[in-house]
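K.L.:
Okay, predicted coordinates and the sequence, questions at the end:
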Amino acid sequence: MKHGNSDKSRNEKKGYHSIKRQFAAIFMLVLAGTILLCWLINSFFLEKYYVNRKMHVLTKAYATVNETALQGEIDSDDFDVELQKIISKYNIEILILDASTRTLKYSMSDPAFATNLLLDRVFDVDRPEAEKSKILENTDQYTVERSVEQRTKTEYLMMWGCLDNGNLFMLRTAIESIRDSAAIAKRFLLFSGATGVVLGGIIIWMISKKITEPILQLTKISEQMNELDFDAKYQGNSRNEIGVLGANINRLSDTLETTISELKTANNELRRDIAKKEEADEMRKEFLSNVSHELKTPIALIQGYAEGLQEEINDDAESREYYCSVIVDEAAKMNRMVKQLMTLNQLESGNDAVTMERFDIAALVRNYVQSAEIMIKQHEAVVTIEKTEPIYVWGDEFKSEEVVMNYFTNALNHLDEEKKIDIRFKFSEDSNMVRISVFNTGKPIPEDSLPHIWEKFYKVDKARTRAYGGSGVGLSIVKAIMESMHCAYGVCNYDNGVEFWFELECCKKEADE
């Protein structure tokens, strides 16, 4: 109810007019106007129409009497019967006189008085002004007039004249009956019209309701469509124009819903693309800023020491050797960082394809540690590797070695005084995975830094990273490699150090190996 009232008030505010009321009002006005027009026509023209009809009847009766008189059958019984039919059917009074004014036929109650009226008119006797009549038609055979009989105050339509055989005649009918009939007809039309308007209004209201119900339903559906609600459908089954309109609105609703859905999908994709573009722009700006920052120090050092050599600040060979070693060292750092960035760019762009193959991860780790013996001695580190049988896994062997290298060099560069590195292999109990972990003694990573260590150029201890020539890209390379192989990776803090790990899928050793 509240919803209906709100719709009604909203429609009223919009100047909304019910089509049902408009239909009913128009039909009732047309019906009432038609009845009023009929009543006015009856009022002004019905009496004249009746008079004309009576004149036609009198003319027809005259023709019958005249024909009968010419045949000499006025006194016959057949004519009497025919005459009675005419008198009773058309309510006519008749009087026929012969040449000697003898009455041959009559139907008046007072034939003598009627004879005097006829003779007065035939011989054109002057009559009082009150008895003057209105001539309606005048021919050689007869005259038609409207006159009032003063004795009875009755108005008659009278035809009088001479038949072709010489007999005088008079035919008349009372106009008062015509007036009464016209008045009765007008009153009946008025009452029946009023009743017709009332009953017609009720019927029209019901019909208009039936007609406008589907239109109102379509209006409601269009309002829901305006609110982007496309669930409502036209349920009518009529085969007229409204039914066609309802079917078209249903199709329009489905089309709009599909189109809007597609537009929203495209809009979401566009927003996502814009967000990605903005994110890429931010990453590009950040990348350029980080690269500029990372290259600024080695470039400044190279430039400074090169200028020193050029200006021969120190002439001794030892100083020149030192300057050159600094330049070579910084250039090597720059070269290493550029290579790492190129590797990372290939991994992130997907241009560096992953080659999945079966290899022994335990052997890979042992071989790499053996090749890094010089670095281990330089850092005076103690490295232990868990002894195990060959562990065959699926993965990209070259990229897996890159992960091991990054984890191991990172561990070497963050050792504490205890200087221990422990590499272990752990099989998962609920999945066919092996976890390779590299633990080093040292300070734990701050908890607020843990989510960011995989980001490019992020450094927990910038001074220490600068000291060993780190660029903050190694762990980003690890992240890109592991995600390209769809394998897990991570870091764990301990009280006495930090453990980095990654997982690979195990596979059974071939029977012939």
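P.N.:
Great, that's in hand.

K.L.:
so residue 505 sits in a helix?
P.N.:
No: if the criterion is DSSP: H, G, I helix; E, B strand; the rest coil, then residue 505 is strand and not within a helix.

K.L.:
wait, what's in contact with the nearest residue in space to it that is not next to it in sequence?
P.N.:
Counting by CB to CB, 6 or more residues apart in numbering, residue 394 is the residue found nearest to residue 505 once chain neighbours are left out, at 4.6 Å. (C-beta placed from N, C-alpha, C; glycine too.) Residue 394 makes contact with 356, 357, 358, 504, 505, 506, 507, according to CB atoms under 8 Å, 6 or more residues apart in numbering.

K.L.:
Point out the least confident one among these.
P.N.:
Least confident of those in the model: residue 507, at 82.

K.L.:
ok, so of the contacts of residue 394, who is nearest residue 375?
P.N.:
residue 504 (24.3 Å; CB to CB).

K.L.:
ok, the closest one touching residue 359?
P.N.:
No: Residue 504 lies out of contact with residue 359 (CB atoms under 8 Å); the separation is 9.4 Å.

K.L.:
And the two? Which one has more around it.
P.N.:
Neighbours per residue (other CB atoms under 10 Å) separate residue 504 from residue 359, with residue 504 holding more: 23 against 20.

K.L.:
beta partners of that one?
P.N.:
Residues in a beta bridge with residue 504, per DSSP bridges, are residue 434.

K.L.:
Quickly list what's touching both of residue 504 and residue 359.
P.N.:
Shared contacts of residue 504 and residue 359 (CB under 8 Å, 6+ apart): 393, 395, 400.

K.L.:
Skipping adjacent residues, who's closest to the second one in space?
P.N.:
Using CB to CB, 6+ apart and skipping the chain neighbours, the partner closest in space to residue 395 is residue 504 (4.8 Å).

K.L.:
what's the answer for the first one, then?
P.N.:
In space, and not counting its chain neighbours, residue 393 is closest to residue 504: 4.0 Å by CB to CB, 6+ apart.

K.L.:
Provide a list of residues in contact with that neighbour.
P.N.:
Here residue 504 is in contact with 361, 393, 394, 395, 400, 433, 434, 436, 485, 487 (criterion: CB under 8 Å, 6+ apart).

K.L.:
follow-up on the earlier one: which residues pair with the residue nearest to residue 505 across the strands?
P.N.:
Going by DSSP bridges, residue 394 forms beta bridges with residue 358, residue 505.

K.L.:
Please tell me I have it right and residue 238 contacts residue 215.
P.N.:
No: assessed by CB under 8 Å, residue 238 is found out of contact with residue 215, at 11.2 Å.

K.L.:
between those two, which one's more packed in?
P.N.:
Neighbours per residue (other CB under 10 Å) separate residue 238 from residue 215, with residue 215 holding more: 16 against 10.

K.L.:
Now do that one against residue 240, distance only.
P.N.:
For residue 215, the distance to residue 240 equals 11 Å [CB to CB, to the nearest Å].

K.L.:
any chance you could map the helices in the stretch 151-300 of the chain?
P.N.:
175-226, 241-311 (DSSP state H, counting those that start in this stretch).

K.L.:
So which of these is the most surrounded?
P.N.:
Mean neighbours per residue, mean count of other CB atoms under 10 Å, is largest over the helices of the stretch 151-300 of the chain for helix 175-226, with a mean of 15.
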